[in-house]
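Asker: Sequence and computational prediction follow.
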Amino acid sequence: MPPSPKPARALDWPALSAGLILAAGSLAAYSRTFSVPVLFDDRDEILNNPSLRHLANLGAVLSPPQNMGVGGRPLLNLSYAVNYALGGGSVFGYHVVDLLIHVLAAWTLFALVRLTLRQPAMAGRFGPAATPLALAISAIWAWHPVQTESVTYLAQRAEELMGLCYLLTLHGFARGATAAGRGGCLGWFSLSVLACLAGVGSKEVIVTAPLAVILYDRAFVAGSFREAWRRHWGVLVALAATWVPLGILLSGLNQRGAGFGSAITWRIYGLAECRIVVRYLALALWPRPLVFDYGPFVMPRVAEIWPYAVILLALLAATAALLRRNPAAGFAAAWFFLILAPSSSIVPVVTQPMAENRLYVPLAGVVALVVVGIYARAGKRCLPVLAALAVGLGISSFVRNQAYATETAIWIDTVAKVPQNARAHSNLASAWLRVPGHMEDVRVQYAASVRLESHSAEAHNNLAWALAAEGRNQEAQREYQEVVRLKPSWAEAHHNLGKTWYATPGHMADAIAEYKEALRLDPTLAGVHNDEANAWYVTPGRMADAIAEYRAALRLDPDFAEAHNNLGNALVNQPGQLEQAVAEYETAIRLKPEYPDPHLGLALALLRQPGQGTRIRSEFEAVLRLRPGEPTAQRLLASTPANRP
């Protein structure tokens, strides 16, 4: 008698409906983000990252530069490389992938919470409402406006990928711990370990995932740490083994502005983070104001910090008490502090001690604790309120995302909220630079950065550049002098100071002195050789020095069109050098056809050679096309017939 067929498994319509709601709400909240431009670190991690240019070169893709945000994060870099292979630098594809990762993470959180609420330790009280409660928690988490930085800002894909892997690690373990049969357990446990390993290639915070798993096991499955180890020691050891590759990838952490060894001690950093962790909790409960960049580390004063330290110690003590008396609630509270610990404890991250993206996964613990706590007291009556809260948060995310519409918009928003952040002023200036007609705004923002960071050579250098671009040479000169005082070994600063002296009548010797100092510090700067040559060119009796410096520039950079043109100008009046001058002009034109100066120089040089009338006219016409109204070209073109002998 043939075996009876297994009954078809019914579709889980409540779960499917919840998944559609989560996806639709996330798409609505982020519907205007697909054209958000590259911002801040995006330029280095995506546009200026050579390792992701060729997907076929997996060795380079999986070994990204250590001094970038992708350093030590091969899976993150691989995801960027796939995006680049499909769409180059177009932001649309990157935002699609980021939103997809976020939705997958929300689905995983939904599945994990629903499964947890159906565990024997929770089922009696919360099992019947597991699906609506899981939907409420995952929707509030996914649509919460504090998540916008992780989802909308492309460089924070690291947080999203790690978050998805973190949740998959927990979900895989939870499914394996409750699966029937050895095969089912092995499959789910394997998923858990592989997800944790993938997280290792995404972001270092995954280091806490094995600890979260054992806390979960103790709270919801085994009931004690001893029983958890007895039942699941194999998978726990496998998860802990992921710390080995993570340790290898952490070798370049200092190059990314994090880790021990910085000027900030772990004690001072830990003290400052007391306030930041409390602020994270406040943002989880009331997400206003949201700030794109809080700025680099600022030395705290004890009088400002101690109240936050007291609050944090009280919260940690309450969490420890909950872990003993109510392991389920304790797990949710510990989840928040545990996942924040790598970046918000004693390991200095001096370039960015506070960042909202770090709440991406920890937020789930706060939301779960609040939602389940409300349900425990109010029952099903609270479900419509929770639904309204989720929708309201989604609308807030939609509104918050409007601040990301342009590069200038997000920095204007940041400067308004954190006016003491010098880096925000500097980045707003850089954003204005890419908008024509805003040079005054550029200067104003660079000046604000200098006021806030008067000790920063880079800030003074930026302001000097803006002043020079506005033709305010004397003010620019004073700023460049401050730059070389603050950072005397900066060759480019000496170069820039030299250019301001060059533009100051009677100070050619000062210009040459600064150029020589720049070249002493860095002899490979072709542009400095060219500018020193220009100074010698206008100094009586020093044409030989000018020619020597132009040639030095071209030895360093043979494709330097301006230096070829300048060398042509220097040679054209030297005895027996006319042909060489013509050759230099021709090389400059070949390298940079839209550069008018070598066309003019070549035409003037050809005037000295017979039978060049047609070619002379052609070069004068090129000058007028590229620089309409050029007086010398107009005058000589009119007097040069095409058949001039």
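Answerer: Thanks, I have the structure now. Keep in mind the model is a prediction, meaning the values are calculated, not measured. Numbering: from 1, shown residues only.
Asker: The nearest residue to residue 205 once chain neighbours are set aside: how many residues sit nearby?
Answerer: Nearest residue to residue 205, sequence neighbours excluded (CB to CB, 6 or more residues apart in numbering): residue 342, at 5.0 Å. Using the backbone N, CA and C atoms, a C-beta is placed for each residue, glycine as well. Residues lying near residue 342 (other CB atoms under 10 Å) number 18.
Asker: name the element residue 342 belongs to?
Answerer: Of the helices and strands defined by DSSP states H and E, none includes residue 342.
Asker: Give me the distance between it and residue 399.
Answerer: 31 Å (CB to CB, to the nearest Å).
Asker: Where does pLDDT dip in the stretch 201-350 of the chain?
Answerer: Scanning the stretch 201-350 of the chain for pLDDT under 70 picks out 252-263.
Asker: Repeat the analysis, applying 80 as the threshold.
Answerer: Where the stretch 201-350 of the chain drops to pLDDT under 80, the residues are 252-266, 299, 302, 346-348.
Asker: related to what we said a few turns ago, show me what contacts the residue nearest to residue 205?
Answerer: Contact analysis of residue 342 by CB atoms under 8 Å, 6 or more residues apart in numbering lists 204, 205, 207, 208.
Asker: could you list every residue that touches the second one?
Answerer: This means residue 205. 162, 166, 339, 342, 343, 358, 361.
Asker: just to revisit the earlier point, please report the distance of the residue nearest to residue 205 from residue 349.
Answerer: 9 Å.
Asker: repeat for residue 91
Answerer: 26 Å.
Asker: quick one: which of those two has more around it?
Answerer: Neighbour count, other CB under 10 Å: between residue 91 and residue 349, residue 349 has more, with 23 against 19.
Asker: Dig out what that one forms beta bridges with.
Answerer: residue 258 (DSSP bridges).
Asker: my guess is it contacts residue 343, does it?
Answerer: Yes. Residue 349 lies in contact with residue 343 (CB atoms under 8 Å); the separation is 5.7 Å.
Asker: burial of residue 213, as a residue count?
Answerer: 25.
Asker: same question, residue 96
Answerer: Counted with other CB under 10 Å, residue 96 comes out at 15.
Asker: by contact count, what packs against the strand or helix carrying it?
Answerer: Residue 96 belongs to helix 91-117 when elements are defined using DSSP H and E. Judged by 3 or more CB pairs under 8 Å, 6 or more residues apart in numbering; DSSP states H and E, the packing partners of helix 91-117 are helix 13-29, helix 74-87, helix 120-126, helix 130-143, helix 148-152, helix 157-178, helix 362-378.
Asker: got the buried residues for it?
Answerer: 91, 93-95, 97-99, 101-117 (16 or more other CB atoms under 10 Å).
Asker: Compute the inter-axis angle for it and helix 74-87.
Answerer: Helix 91-117 and helix 74-87 are oriented at 140 degrees to each other (axes from the mean of the first three to the mean of the last three CA atoms, to 10 degrees).
Asker: who's in contact with the residue nearest to residue 427 when sequence neighbours are not counted?
Answerer: In this structure, residue 427 finds its nearest non-sequential neighbour in residue 411, 5.2 Å apart by CB to CB, 6+ apart. Residues near residue 411 by CB under 8 Å, 6+ apart: 292, 424, 427, 428, 431.
Asker: And residue 411, which helix or strand is it part of?
Answerer: helix 407-417.
Asker: how about that helix as PDB, C-alpha atoms only?
Answerer: This file holds the C-alpha atoms of helix 407-417, laid out as PDB (Å, rounded to 0.1, in the frame of the first residue of the first chain):
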ATOM      1  CA  GLU A 407      24.100  67.800   0.300                       C
ATOM      2  CA  THR A 408      23.600  71.400   1.400                       C
ATOM      3  CA  ALA A 409      20.200  70.700   3.000                       C
ATOM      4  CA  ILE A 410      21.600  68.000   5.400                       C
ATOM      5  CA  TRP A 411      24.600  70.200   6.400                       C
ATOM      6  CA  ILE A 412      22.400  73.300   6.900                       C
ATOM      7  CA  ASP A 413      20.200  71.100   9.200                       C
ATOM      8  CA  THR A 414      23.300  69.900  11.000                       C
ATOM      9  CA  VAL A 415      24.800  73.300  11.500                       C
ATOM     10  CA  ALA A 416      21.500  74.600  12.800                       C
ATOM     11  CA  LYS A 417      21.200  71.900  15.400                       C
END
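Asker: If you count neighbours, what's buried in it?
Answerer: 407, 408, 410, 411, 412, 413, 414, 415, 417.
Asker: helices and strands of the protein: which one bottoms out on pLDDT?
Answerer: helix 631-638 (a mean of 88; mean pLDDT, DSSP states H and E).
Asker: For that helix, output the C-alpha coordinates as CSV.
Answerer: Extracted in CSV, the C-alpha atoms of helix 631-638 (Å, rounded to 0.1, in the frame of the first residue of the first chain):
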residue,chain,number,x,y,z
PRO,A,631,42.4,91.1,-28.2
THR,A,632,45.7,89.8,-29.6
ALA,A,633,44.1,87.0,-31.5
GLN,A,634,41.4,89.4,-32.9
ARG,A,635,44.0,92.0,-34.0
LEU,A,636,46.4,89.6,-35.6
LEU,A,637,43.8,87.3,-37.2
ALA,A,638,42.5,90.3,-39.2
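Asker: Can you list the helices and strands that that helix packs against?
Answerer: helix 596-606, helix 613-626.
Asker: Out of those, flag the one nearest residue 11.
Answerer: Taking CB to CB, helix 613-626 is the member of the helices and strands packed on helix 631-638 nearest to residue 11, at 68.5 Å.
Asker: which stretches of the stretch 451-600 of the chain have low pLDDT?
Answerer: In the stretch 451-600 of the chain (pLDDT under 80), no residue qualifies.
Asker: what ranges do the helices span in it?
Answerer: 457-469, 473-486, 491-502, 508-521, 526-537, 543-556, 561-571, 578-591, 596-606 (DSSP state H, counting those that start in this stretch).
Asker: would you turn those helices into JSON lines with mean neighbour count?
Answerer: Shown next, in JSON lines, are those (neighbours: other CB atoms under 10 Å):
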{"stretch": "helix 457-469", "mean neighbour count": "22"}
{"stretch": "helix 473-486", "mean neighbour count": "19"}
{"stretch": "helix 491-502", "mean neighbour count": "23"}
{"stretch": "helix 508-521", "mean neighbour count": "19"}
{"stretch": "helix 526-537", "mean neighbour count": "23"}
{"stretch": "helix 543-556", "mean neighbour count": "19"}
{"stretch": "helix 561-571", "mean neighbour count": "25"}
{"stretch": "helix 578-591", "mean neighbour count": "19"}
{"stretch": "helix 596-606", "mean neighbour count": "24"}
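Asker: Can you lay out those helices as JSON lines showing distance to residue 369?
Answerer: Below are the helices of the stretch 451-600 of the chain laid out as JSON lines (distance: least, CB to CB, whole Å):
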{"stretch": "helix 457-469", "distance to residue 369": "43"}
{"stretch": "helix 473-486", "distance to residue 369": "49"}
{"stretch": "helix 491-502", "distance to residue 369": "53"}
{"stretch": "helix 508-521", "distance to residue 369": "57"}
{"stretch": "helix 526-537", "distance to residue 369": "59"}
{"stretch": "helix 543-556", "distance to residue 369": "63"}
{"stretch": "helix 561-571", "distance to residue 369": "64"}
{"stretch": "helix 578-591", "distance to residue 369": "65"}
{"stretch": "helix 596-606", "distance to residue 369": "69"}
